[in-house]
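Student: need the 3D shape of this:
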Amino acid sequence: VDPVKFDEWGDIPFRDEKARLDNAAISLSENSGYIMYLVISAGRTACVGEAEARGIRAKNYLVRKRHINKQQIVWIDGGHEETVTTVVWVWPPDMKPPSVFPEFNLKPDQVTLERMCRIKCRACHRTRRADTDR
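Tutor: Below is the predicted model of the structure:
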């Protein structure tokens, strides 16, 4: 049995992310014993620890709201890419976890880390600003 790349999204509001996590939870419930891997990459501009914070937030949502066994959800820090990216895999339990390919990551001097910031949808902010400029 092969793993299934279930979904992938970028920098979206958490309410939209929750809807996508809900769909992944349904798929996981249909595949007894499988593991959901969330590979999360922070963007070129990111909060310090952003991938970790997004991973914890998603896992907490799935455990607390969707009642998924916490052993079935694993988040992986995918490093930094051009934009925030979350890839969801529904993975057979007897396979090694998905790999992260550091050659696709940005180098440290290409990344701007913001301290004392909150995780936010940066693309949403730009979109709202563009809408008000019209």
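
Student: would you map the strands across the protein?
Tutor: 4-9, 35-42, 45-47, 73-80, 85-91, 112-114 (DSSP state E).

Student: for the second one, which strands pair with it and how are they oriented?
Tutor: Looking back up the chat, that one is strand 35-42. With DSSP bridges as the test, strand 35-42 is paired with strand 73-80 (parallel), strand 85-91 (antiparallel).

Student: using JSON lines, lay out those strands together with mean pLDDT, distance to Leu106 and mean neighbour count.
Tutor: Every C-beta, even on glycine, is put in place using the N, C-alpha and C of the backbone. Below are the strands paired with strand 35-42 laid out as JSON lines (pLDDT from 0 to 100; distance: least, Cβ to Cβ, whole Å; neighbours: other Cβ atoms under 10 Å):
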{"stretch": "strand 73-80", "mean pLDDT": "94", "distance to Leu106": "4", "mean neighbour count": "20"}
{"stretch": "strand 85-91", "mean pLDDT": "94", "distance to Leu106": "12", "mean neighbour count": "21"}
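
Student: wait, which of those strands is closest to Cys47?
Tutor: strand 73-80 (11.6 Å; Cβ to Cβ).

Student: give me the contacts around that closest one.
Tutor: 35-44, 46, 51-52, 54-56, 58-59, 62-63, 85, 87, 97-98, 100, 102, 105-106, 110-111 (Cβ atoms under 8 Å, 6 or more residues apart in numbering).

Student: which regions of the chain lie under the pLDDT threshold?
Tutor: Flagging of the chain using pLDDT under 70 yields the residue ranges 1, 101-104, 123, 125-134.

Student: mind doing that once more with 90?
Tutor: 1-4, 31-32, 93-109, 114-134 (pLDDT under 90).

Student: just want the most central residue of it.
Tutor: Thr86 (3.2 Å; Cα atoms, centre = their mean).
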